[in-house]
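In: quick one, structure for this:
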Amino acid sequence: MTVEDSKGCPLTFEINITQGVQLSVTNLNIPEDGSGCVDVTVNNFTNVLGFQFPFEWQGLPIRFDSITNINPAISGFDENSFNIEDANFEDAELTTIWGDLTGSNPITLADGDILFSI
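Out: Numbering: from 1, shown residues only. Prediction:
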């Protein structure tokens, strides 16, 4: 793909589209007024330079408490990578975003590795 800036200077780069990253969550049965932790795991997480996605629990009678087990292999991915402002309310959404803006440090995780837990 080639793009040009306002002065007509071209920048050419290649985009490789492969089978996408897959996210999975653990099934968990929590008794009423109980608590639990859900792991978000990955598959096909190969040479990833960034990601952004929502984690929704619309209509479920749960309350967000915290984010744990953030994968330390992803430099700069931490609690600040999450928008938790509205995460304590029913019909809520927890969003996350991370990216390597240099494009020079792609991350690969093994299938089944934990990305984070909530």
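
In: in the chain, what secondary structure element scores lowest on mean pLDDT?
Out: strand 2-4 (a mean of 52; mean pLDDT, DSSP states H and E).

In: so the residue lying closest to S35 once chain neighbours are set aside, which state does it fall into?
Out: Nearest non-adjacent residue to S35, counting by Cβ to Cβ, 6 or more residues apart in numbering: D65, 6.8 Å away. In this view, the C-beta of every residue, glycine as well, is placed from N, C-alpha and C. Classification of D65 using DSSP: H, G, I helix; E, B strand; the rest coil returns coil.

In: right, and D65 touches G34 too?
Out: No - counting by Cβ atoms under 8 Å, G34 is not a contact partner of D65; they are 11.7 Å apart.

In: the two - which one has more neighbours?
Out: For D65 and G34, the more surrounded residue by other Cβ atoms under 10 Å is D65, and the numbers stand at 12 against 8.

In: distance from the chain centre to stretch 42-59, please.
Out: Put simply, stretch 42-59 sits 4 Å off its chain's centre (Cα atoms, centre = their mean, to the nearest Å).

In: got it, and stretch 23-39?
Out: For stretch 23-39, the distance to the chain centre is 18 Å (Cα atoms, centre = their mean).

In: just the terminal-to-terminal distance for that stretch.
Out: 10 Å (Cα to Cα, to the nearest Å).

In: quick check: buried residues in it?
Out: The neighbour-count check on stretch 23-39 (16 or more other Cβ atoms under 10 Å) flags D39 as buried.

In: other residues contacting it?
Out: Residues from elsewhere that reach stretch 23-39 (Cβ atoms under 8 Å, 6 or more residues apart in numbering): 40-43, 53, 62, 65, 68-69, 114-115, 117-118.

In: look at F51 and give its secondary structure.
Out: strand.
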